[in-house]
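A.B. asks: based on what follows, work out the 3D shape:
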Amino acid sequence: MTMLVDAAAGGAAGLLAGALFFLAMRRNAELYLSGGPAWRPAALHLARLVGLAALRVVLVRVAGGAGLLGTFAGILAARTVALRAWGPRP
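C.D. replies: So this is what the prediction gives:
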């Protein structure tokens, strides 16, 4: 039962973190395409990757493998939602 709770908590955390990650990715693409300073998109890119990696390390230490798998599932679910919401437009 505790593995199920760990996986569910990891899934919820992964869904939230994944949603923030993909929102930041969209903003990152906008920053790369705008004419602003080059350090801003690079810093956001690095922050996105470090933040997601830190979340996964913390969840592995707290919830073990079940939490990690739940986090991965949550991130994939957030990716699916983001792709459907911002898919290619004609």
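A.B. asks: could you pull out the helices for the chain?
C.D. replies: 2-33, 39-85 (DSSP state H).
A.B. asks: can you lay out the ones you listed as a markdown table showing mean neighbour count and mean pLDDT?
C.D. replies: Quick note: C-beta positions are derived from backbone N, CA and C, even for glycine. Below are these laid out as a markdown table (neighbours: other C-beta atoms under 10 Å; pLDDT from 0 to 100):
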| stretch | mean neighbour count | mean pLDDT |
| --- | --- | --- |
| helix 2-33 | 17 | 92 |
| helix 39-85 | 16 | 92 |
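A.B. asks: contacts only, for residue 26.
C.D. replies: Residue 26 sits next to 82, 86 when contact means C-beta atoms under 8 Å, 6 or more residues apart in numbering.
A.B. asks: make that residue 70, sorry
C.D. replies: By C-beta under 8 Å, 6+ apart, the neighbours of residue 70 are 6-14, 59, 63.
A.B. asks: likewise for residue 78?
C.D. replies: Counted by C-beta under 8 Å, 6+ apart, residue 78 has contacts 14-15, 17-19, 21-22.
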